[in-house]
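1. sequence plus predicted model, see below.
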Protein chains: 2
Amino acid sequence: MSLESYMNQIGQQARAASRQLAKASTEHKNNALLAMADALEQARPRLIEENAKDIQNGEKKGLDAALLDRLLLNDARIDGMIEGLKQVAALPDPVGEITDMLYRPSGIQLGKMRVPLGVIGIIYESRPNVTIDAASLCLKSGNATILRGGSEAFYSNQAIAEAVTAGLNAVGLPEHAVQVLNTTDRDAVGRLISMPEFVDVIVPRGGKGLIERISKDARVPVIKHLDGNCHVYIDDEADLEKAANIALNAKTRRYGVCNAMESLLVHKAVAAEVLPALASAFVSKGVELVGCDAARSIVMDMGVATEEDWFTEYLAAKLSIKVVADMAEAIEHINHYGSHHSDAIVSQNYTKTRAFMTEVDSASVMVNASTAFADGFEYGLGAEIGISTDKVHARGPVGLLGLTSQKYIVLGDGHTRDN
Amino acid sequence: MSLESYMNQIGQQARAASRQLAKASTEHKNNALLAMADALEQARPRLIEENAKDIQNGEKKGLDAALLDRLLLNDARIDGMIEGLKQVAALPDPVGEITDMLYRPSGIQLGKMRVPLGVIGIIYESRPNVTIDAASLCLKSGNATILRGGSEAFYSNQAIAEAVTAGLNAVGLPEHAVQVLNTTDRDAVGRLISMPEFVDVIVPRGGKGLIERISKDARVPVIKHLDGNCHVYIDDEADLEKAANIALNAKTRRYGVCNAMESLLVHKAVAAEVLPALASAFVSKGVELVGCDAARSIVMDMGVATEEDWFTEYLAAKLSIKVVADMAEAIEHINHYGSHHSDAIVSQNYTKTRAFMTEVDSASVMVNASTAFADGFEYGLGAEIGISTDKVHARGPVGLLGLTSQKYIVLGDGHTRDN
């Protein structure tokens, strides 16, 4: 079969399955998730065996240790997938919720009903557990899924797919509700992102390069998370102890996460007071510091921050520091250099915190709290399919709600429109 | 200046203006709208003079009477624009609304704040009053706008733009909050839809051809309204009097509107009872009927409906009629051939109406009510920028809310994240 025929078939099957899923009861979907958990449990030896092929191939191809680690499936990680399925089964079902129901002057009753998006295409890189994460969230929200994992995890993903299919079959939901592409042909991605007749939205998960490529070429809407260049701004009216705690937490809790602070902005009136001790604390944790001239005049042994630094998401033990004249400059800096992900102010001033909240154009704006809170679990979404840095549709951590939309429902009793 | 430099300048100016608009008070925005209304009033002679140039050019180019009519600005239409501005000024301001504020177990307070999308690009065809409609809704929702009207309305749009700018200047809002492109170069559209750094969303308004072209080439999200191939399904358990009224209203209230019924589906058990009188009523109103074999065996003098007919939005006094075996077939037909716009069931059966509402994948689903209600004013949105047939972001009639999104806000008091 040609790639095009194959992808069309996958698309048609997904569309058909999505109609069944959209009307599946909560109990039916939950039973499918639990049946998948059972199937994964039973497939443990096979999962580890198939994963070993991927690891071997990866070693042959010379993948680095970090990539090989992300690729690895062991008992603990299979436990994690099983636990994840149970957690998603326990989440409330957003589908079918009717809100805002009221009478209009014409006599009709108008409301909104929450419904699945339809078919979601997920494109991801090495971590095979994304197959389960993504499939379970899409299924719970009533969507059919087409998954395209990285070629380096091909055997692992196919083995996981078998367990998913077994779970669907066990409860009598359509087995095409979740389809994992069985080709490593790169053109399959190109086709997946350009068939709006079969796919309603694409969620890419992976590095910035992958996501930029997909966003550029997609012919269907993309829920994307490009990067997290997050800021903490310490105001001249900050409680400096809180400020130091928040800045340290935002940077050093974990370095490789998208909600980590990458640039620290400090009001010039408190820079000399706050920066020396804070810089020492960062350095003692192994964080490399670069800064503007004013910052470097206070903390001498700091590198020079270039224009490029202000735009950079280090995802590493490195931080850029800038002294600003006032909050307005901080906001302008954040809106210009930031990635509209998560940014925080530390200040005791009522008027300024209100203005910062309104004017910072980011998916999450924090007041006197660490950017580290920007996370689906911390926000109570239960799980997240990603963090959106887009403005339309979902913004910030995307959970089940972000995989649904609302349609209008109109109830009448023979109502017609006069004019 | 090259087109590229021009468009970059427009984009930068819009982005800068959007920052100011996002924090503008409701009163300030309303005053701007009222000042625009005053400026239009004062510009009346100039508007009619400039519009005459467009009309003259249109006549030279041989535009047909319908197009010339759409192009025309007269006193009544200027009244309409002025009235529209006042109505938008009177609408509630969605920006800044904070909802769902609650404490999380970590101690942070989490909520959502409604914010403008940023910069909205509007691409439209002949009707110059769209300039005011679109600009006023975007301004009220705190967004900067870049407008690109049809070349045939060039002089009219420029004259309207002058009045808009005068209104912005009069109240001290940035004059780049609304920019009307002053070029008819087609490449300007190509650039407008592919500069995500300056434009957050595109709203095309016009024929299907325009919208398909723009959706295909856009590099930013598009809120689009492709077509309205709407259905009414008459169930075997319908109140047949209500059914006939609804079907007649949905088709004949107006023919050229997107919420008009284009296909009538009738359950086979009631087809012989309902179709003869209903067909006569349609024919007496001048509606041309085409149908499936079963429909034609009941109403003899009906044309044959081809496969193409089921997909067609006639926007005219023409209707296709199909007899279906049951509701399941009706739903399948609607989801397959329809455009996911607005579709209705007429039935007294509780279980079936519930299922229809859930399973029909359309922006508006009506139960015992005419599809004609699918409209921003009928839904209480005050005004609409369009009707979205997309699923992500806004679905159905799009008012001020559809031009905003929600960001997360997090309030702490020195909160840091532990794990």
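-> Okay, I see it.
2. going forward, measure contacts between C-alpha atoms and count neighbours the same way
-> Fine.
3. show me where the stretch 301-419 of chain A has its helices.
-> Listed in chain order, the helices of the stretch 301-419 of chain A (DSSP state H, counting those that start in this stretch) span A:307-311, A:327-337, A:350-359.
4. which of these is buried the deepest?
-> Compared across those, helix A:327-337 shows the largest average neighbour count, a mean of 19 (mean count of other C-alpha atoms under 10 Å in any protein chain shown).
5. can you list contacts of that helix?
-> With contacts defined as C-alpha atoms under 8 Å, 6 or more residues apart in numbering or on different chains, helix A:327-337 is touched by A:231, A:233, A:235, A:265, A:267, A:310-311, A:324, A:343, A:352, A:356, A:359-362.
6. convert it to PDB, retaining C-alpha atoms only.
-> Extracted in PDB, the C-alpha atoms of helix A:327-337 (Å, rounded to 0.1, in the frame of the first residue of the first chain):
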ATOM      1  CA  MET A 327       8.500  47.800  36.500                       C
ATOM      2  CA  ALA A 328       7.600  49.200  33.100                       C
ATOM      3  CA  GLU A 329      11.000  48.300  31.800                       C
ATOM      4  CA  ALA A 330      10.700  44.800  33.300                       C
ATOM      5  CA  ILE A 331       7.300  44.300  31.600                       C
ATOM      6  CA  GLU A 332       8.600  45.500  28.300                       C
ATOM      7  CA  HIS A 333      11.600  43.200  28.600                       C
ATOM      8  CA  ILE A 334       9.400  40.200  29.400                       C
ATOM      9  CA  ASN A 335       7.000  40.800  26.600                       C
ATOM     10  CA  HIS A 336       9.800  41.400  24.100                       C
ATOM     11  CA  TYR A 337      12.400  38.700  25.000                       C
END
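7. that helix versus helix A:350-359: what angle between them?
-> Between helix A:327-337 and helix A:350-359, the angle comes out at 20 degrees (axes from the mean of the first three to the mean of the last three C-alpha atoms, to 10 degrees).
8. contact partners for the closest residue to residue A:286 other than its chain neighbours?
-> In this structure, residue A:286 finds its nearest non-sequential neighbour in residue A:317, 6.7 Å apart by C-alpha to C-alpha, 6 or more residues apart in numbering or on different chains. Counting by C-alpha under 8 Å, 6+ apart, residue A:317 makes contact with A:251, A:252, A:255, A:286, A:287, A:288.
9. find the nearest non-adjacent residue to the fifth one, please.
-> Excluding its sequence neighbours, the residue lying closest to residue A:287 (C-alpha to C-alpha, 6+ apart) is residue A:317, at 4.6 Å.
10. same thing with residue A:53?
-> Take residue A:53 and drop its neighbours on the chain: the residue closest to it by C-alpha to C-alpha, 6+ apart is residue A:155, 6.8 Å away.
11. smallest gap between the stretch 101-250 of chain A and chain B, at which residue?
-> The minimum distance from the stretch 101-250 of chain A to chain B, using C-alpha to the nearest C-alpha, falls at residue A:242 (4.7 Å).
12. distance of that residue from residue A:350?
-> Distance, residue A:242 to residue A:350, using C-alpha to C-alpha, to the nearest Å: 16 Å.
13. now for the residue nearest to residue A:53: which residues touch it?
-> Neighbours of residue A:155 in contact, by C-alpha under 8 Å, 6+ apart: A:50, A:51, A:53, A:54.
14. now the helix or strand where it lies: average pLDDT?
-> Assigned by DSSP states H and E, residue A:155 falls within helix A:154-171. For helix A:154-171, mean pLDDT rounds to 97.
15. now that helix: buried residues?
-> For helix A:154-171, burial by neighbour count (16 or more other C-alpha atoms under 10 Å in any protein chain shown) applies to A:154-169, A:171.
16. can you name every helix or strand that the very next helix or strand once past it contacts?
-> Sequence order places strand A:178-180 as the next helix or strand after helix A:154-171, per DSSP H and E. For strand A:178-180, the packing partners by 3 or more C-alpha pairs under 8 Å, 6 or more residues apart in numbering or on different chains; DSSP states H and E come out as helix A:3-22, strand A:144-148, helix A:154-171.
17. ok, and what's touching the first one?
-> If I follow you right, that is helix A:3-22. Residues outside helix A:3-22 that contact it (C-alpha under 8 Å, 6+ apart) are A:115-116, A:118-119, A:139, A:142-146, A:173-179, A:187-188, A:191-192, A:198-199, B:358-359.
18. filter the residues you listed to the buried ones?
-> The neighbour-count test (16+ other C-alpha under 10 Å) applied to these identifies A:115-116, A:118-119, A:139, A:142-146, A:173-179, A:188, A:192, A:198-199, B:358-359 as buried.
19. for the closest residue to residue A:156 other than its chain neighbours, give its distance to residue A:155.
-> Leaving aside its chain neighbours, residue A:156 sits nearest to residue A:51 (4.7 Å; criterion: C-alpha to C-alpha, 6+ apart). Distance of residue A:51 to residue A:155, computed by C-alpha to C-alpha: 6 Å.
20. got it, and residue A:23?
-> Distance, residue A:23 to residue A:155, by C-alpha to C-alpha: 32 Å.
21. go on, residue A:410?
-> Taken as C-alpha to C-alpha, the span from residue A:410 to residue A:155 is 48 Å.
22. endpoint to endpoint, stretch A:99-118 covers what distance?
-> With C-alpha to C-alpha as the measure, stretch A:99-118 spans 20 Å from end to end.
23. ok, back up a step: contacting residues around the residue nearest to residue A:156?
-> Residue A:51 makes contact with A:71, A:72, A:73, A:153, A:155, A:156, according to C-alpha under 8 Å, 6+ apart.
24. give me phi/psi at the first one?
-> Comment: the main-chain dihedrals of residue A:71 come out as phi -80, psi -30, following degrees, to the nearest 10.
25. where does the closest residue to chain B within chain A land on pLDDT?
-> Residue nearest to chain B within chain A (C-alpha to the nearest C-alpha): residue A:393, separated by 3.8 Å. pLDDT recorded at residue A:393 is 90.
26. so what's it up against?
-> By C-alpha under 8 Å, 6+ apart, residue A:393 lies in contact with A:402, B:392, B:393, B:394, B:405.
27. let's see that with 10 Å instead.
-> Residue A:393 makes contact with A:221-223, A:402-405, B:221, B:391-394, B:402, B:404-406, according to C-alpha atoms under 10 Å, 6 or more residues apart in numbering or on different chains.
28. for residue A:172, same thing?
-> Here residue A:172 is in contact with A:28, A:31, A:32, A:166 (C-alpha under 10 Å, 6+ apart).
29. I would like a PyMOL command selecting only the buried ones among these, please.
-> In PyMOL, a selection of the buried entries from the contacts of residue A:172 looks like this (16+ other C-alpha under 10 Å):
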select buried, chain A and resi 31+32+166
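30. which segments of chain A make up each domain?
-> Residue ranges for the domains of chain A, per automatic domain parsing: A:3-223+A:398-410, A:230-373.
31. first vs last residue of the first one, how far apart are they?
-> Just to be clear, that refers to domain A:3-223+A:398-410. One end of domain A:3-223+A:398-410 to the other measures 43 Å (C-alpha to C-alpha).
32. likewise for the last one?
-> One end of domain A:230-373 sits 12 Å from the other (C-alpha to C-alpha).
33. just give me how far that domain sits from the chain centre.
-> Distance of domain A:230-373 from the chain centroid (C-alpha atoms, centre = their mean, to the nearest Å) equals 23 Å.
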